[in-house]
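Q: model this:
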Amino acid sequence: MRSRLFPKSQRGTANHGWLQANFSFSFGNYYNPDMVQFGMLRVLNDDTIGAGMGFGTHPHENMEIITIPLEGGLTHRDSMGNQETVRFGEVQVMSAGTGIQHSELNASQTEQAKTLQLWIFPDKENVTPRYGQKSFDLESHRNSLVNIVSPEDKNDGNALWIHQQAFLHLGLFDAGQTFNYDIRIPENGLYLFLIEGELEINGEAVHERDAYGVVEFGSLTITTKLPSKILLIEVPMMFKD
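A: Next up, the predicted model:
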C-alpha cells in the first residue's frame, strides 16, 4: 500500500467575487506540477457560487463530468435540450463525448450554492453525449457507503453510470464508526475527499476538506473521529490501450 495525505491548505484557490473556488488539481490559472491529476481523476473543484450567478454556456468534449450539490441547487441547460435543476441530495453526470455545450447557474436569486464538480477521463472517446441525474437518500443509509456512480457494465441500476471503470460513493457516518473500503478493481486507486468531519486512516488524521490518496491496496480501514460526510472516488491509475 502507498498512501498520501493532501491537506486542504495545499489546494489552489480563486476568488472571482461571485465564485469562491478551491482546486484539488491544476485548473484555470492555478498550476501545480505535483497535482495535475490522480489517475483518471482530472478535476475536483469545491465551489461556492453567489446568488443568481454561475457558469454561462461553454463547451466540453471527451470528459465524464459529475456534479454534487452540497448546498442549494444549480439550473442546468445543455445543447441536447436538457433543462433541469439539480439540488442538494441529487447527483448529475454528463458524458461530453463528441461535444456538448452547457450552462450551470445558481437556481436561487437570494442564497449561495455550494457544489463539488469532478472531471474523469473516459475509457472511450467520441461517444454520443448524454445526461443523467438521480436523487440519493444518504440519511436512510447512515453509517454505510452509497454507490452514486459506477461503470456502465457494472451498474446495478441504483447508481448513475459513466464511461470509465470508476466507482464513486458517498456516506454519512456518526463519530466512532470503523468501516472498510474494498477496492473493486485491483489496478485502481482510491481518492478520498472528506466533505465534513474528521477521520483516521493508517494512524493519520484527515480533517474537513482534506483528501487522502491510496494505491496498491486491497482494503482500506477508515475510522470516523467526528460525524463525517465522505466522498470516495475509485479510478484507474492509467490509460488503457
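
Q: which residues sit against stretch 11-25?
A: Under the contact criterion CB atoms under 8 Å, 6 or more residues apart in numbering, stretch 11-25 has outside partners 6, 8, 26-30, 32, 35-38, 41-50, 53, 193, 209, 211. From N, CA and C alone the C-beta is placed, and that goes for glycine too.

Q: so where do the helices sit in this protein?
A: In the chain, no helices are defined using DSSP state H.

Q: low-scoring pLDDT stretches of it, where are they?
A: For the chain, applying pLDDT under 70 flags the ranges 239-241.

Q: For stretch 167-179, buried residues please.
A: For stretch 167-179, a neighbour-count test (16 or more other CB atoms under 10 Å) marks 167, 168, 169, 170, 171, 172, 173, 177 as buried.

Q: what's the closest of those to residue 65?
A: Proximity of the buried residues of stretch 167-179 to residue 65 (CB to CB) peaks at residue 168, which lies at 12.4 Å.

Q: Who does the closest one form a beta bridge with?
A: residue 149, residue 233 (DSSP bridges).

Q: Equivalent analysis for residue 14, please.
A: Bridge pairing for residue 14 - DSSP bridges - gives residue 21.

Q: ok, it - how many residues close by?
A: 15 (other CB atoms under 10 Å).

Q: How about residue 191?
A: The number of residues packed near residue 191 is 24, by other CB under 10 Å.

Q: OK, contacts around it?
A: When contacts are counted by CB under 8 Å, 6+ apart, residue 191 touches 38, 39, 41, 44, 211, 212, 213, 232, 233, 234, 235.

Q: Next up, the contacts around the third one.
A: By CB under 8 Å, 6+ apart, the contact set of residue 41 is 25, 118, 119, 120, 166, 191, 233, 235.

Q: Also the last one?
A: Contact analysis of residue 235 by CB under 8 Å, 6+ apart lists 38, 39, 40, 41, 120, 164, 165, 166, 188, 189, 191.

Q: Would you mind measuring from the residue nearest to the second one when sequence neighbours are not counted to residue 219?
A: Right, residue 39. Distances taken as CB to CB, 6 or more residues apart in numbering put residue 237 closest to residue 39, at 3.9 Å, once the chain neighbours are dropped. For residue 237, the distance to residue 219 equals 17 Å [CB to CB, to the nearest Å].

Q: Looking at those two, which is more packed in?
A: Under the neighbour definition other CB under 10 Å, residue 237 and residue 219 were set side by side, and residue 237 has more, 14 against 9.

Q: and that one, what does it touch?
A: For residue 237, the contact set (CB under 8 Å, 6+ apart) comprises 39, 40, 187, 188, 189, 215.

Q: which pair in these spans the largest distance?
A: Distance extremes for the contacts of residue 237: the farthest pair is 40 and 215 at 12.6 Å, using CB to CB.

Q: For these two, indicate the residue with more neighbours.
A: In this view residue 40 and residue 215 are compared by other CB under 10 Å, and residue 40 has more residues nearby, 23 against 17.

Q: wait, doesn't the more buried one sit right on residue 236?
A: Yes: between residue 40 and residue 236 a contact is recorded at 5.1 Å, counting by CB atoms under 8 Å.
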